[in-house]
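# the amino acid sequence is not available; the structure is as follows:
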């Protein structure tokens, strides 16, 4: 994996874009990942990252507009800047899919997909069309936790994912009612207890023995 894969962008001379990608990835990076990001930033710019804003390189020339036919499954023209944003998001998502731990965190998905201007509907639909064959089956078959799958289904308008991961059923029972119901259920589940008649039987036998002794003594006298 080269420095551009780690930063989640395509090769560029624009230091401001590199800095933005570096700072975005650092938000959720572990200690090991942070060191890899610092090395990737230094390799991409030739300088170590610092707290101060990295100097910007020359402004890139405007890229020509990309026709809708050139963009896969796109229904509207997309300019070069939008196409670059889509590519960067796709790279970040594919890097996330290679990390089994981070892909379980819905907040990381939101940080990548909700970052403006990637949250605009035309870009969301373009990103969805390019990720659908890879991400949608994983969201449907349970590869992601339910919060991640629900977010992806809502964000990309994948209705089959929404149906496969419905919102949890939150019942609005009063606490006292729930306690009563649960107590009733627990009592109903307990097996009936057998009453112990032995003490009564023994007492009855002892009483008969005493009476017999009394009557026997009276007859003998």
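Received it, and whenever you're ready, just let me know what you need. Computed from a predicted model, the values in this text were never measured in an experiment.

# drop to CA atoms for contacts and neighbour counts, all remaining ones
Fine.

# phi, psi for residue 11 please.
phi -50, psi 130 (degrees, to the nearest 10).

# pLDDT score assigned to it?
We have a pLDDT of 86 for residue 11.

# nearest residue to it other than its sequence neighbours?
residue 4 (6.0 Å; Cα to Cα, 6 or more residues apart in numbering).

# one more: residue 90?
Distances taken as Cα to Cα, 6+ apart put residue 127 closest to residue 90, at 6.9 Å, once the chain neighbours are dropped.

# now do residue 44
For residue 44, ignoring the flanking residues on the chain, the nearest one in space by Cα to Cα, 6+ apart is residue 3 at 6.5 Å.

# what sits against that neighbour?
Neighbouring residues of residue 3 by Cα atoms under 8 Å, 6 or more residues apart in numbering: 37, 39, 40, 41, 43, 44.

# which among those count as buried?
The neighbour-count criterion (16 or more other Cα atoms under 10 Å) marks 37, 39, 40, 41, 44 among those as buried.

# got the contact list for the last one?
The neighbours of residue 44, taking Cα under 8 Å, 6+ apart as the test, are 3, 4, 18.

# next: the first one.
Contacts were defined as Cα under 8 Å, 6+ apart; by that measure residue 37 touches 3, 6, 7, 22, 25, 26.

# kindly recompute the last result at 10 Å.
In this structure, residue 37 makes contact with 3-4, 6-7, 21-23, 25-26, 29, 31, 43, 49, judged by Cα atoms under 10 Å, 6 or more residues apart in numbering.

# please identify the helix or strand for it.
In this structure, residue 37 sits in helix 31-45 according to DSSP states H and E.

# ok, residue 19 touching residue 45?
Yes: at 9.1 Å, residue 19 and residue 45 qualify as touching, with contact defined as Cα atoms under 10 Å.

# domain ranges for this structure?
1-53, 76-169 (automatic domain parsing).

# export those domains as JSON lines, with columns for distance to residue 215.
Written out in JSON lines, the entries for these read as follows (distance: least, Cα to Cα, whole Å):
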{"stretch": "domain 1-53", "distance to residue 215": "95"}
{"stretch": "domain 76-169", "distance to residue 215": "75"}
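
# lowest-confidence stretch among those?
When mean pLDDT is averaged over each of these, domain 1-53 scores lowest at a mean of 81.

# so which residues of the chain form helices?
Listed in chain order, the helices of the chain (DSSP state H) span 3-7, 15-26, 31-45, 80-97, 106-113, 121-140, 146-156, 159-164, 175-189, 198-220.

# now residue 107: how far from residue 202?
For residue 107, the distance to residue 202 equals 72 Å [Cα to Cα, to the nearest Å].

# when those two are compared, which one has more neighbours?
More neighbours surround residue 107 than the other of residue 107 and residue 202, with 16 against 11 (other Cα atoms under 10 Å).

# my guess is that one contacts residue 115. True?
No: if you go by Cα under 10 Å, residue 107 and residue 115 don't touch, sitting 11.7 Å apart.

# residue 136 is in contact with residue 158, correct?
Yes: the criterion here is Cα under 10 Å, and residue 158 meets it with residue 136 at 7.7 Å.

# thank you, goodbye.
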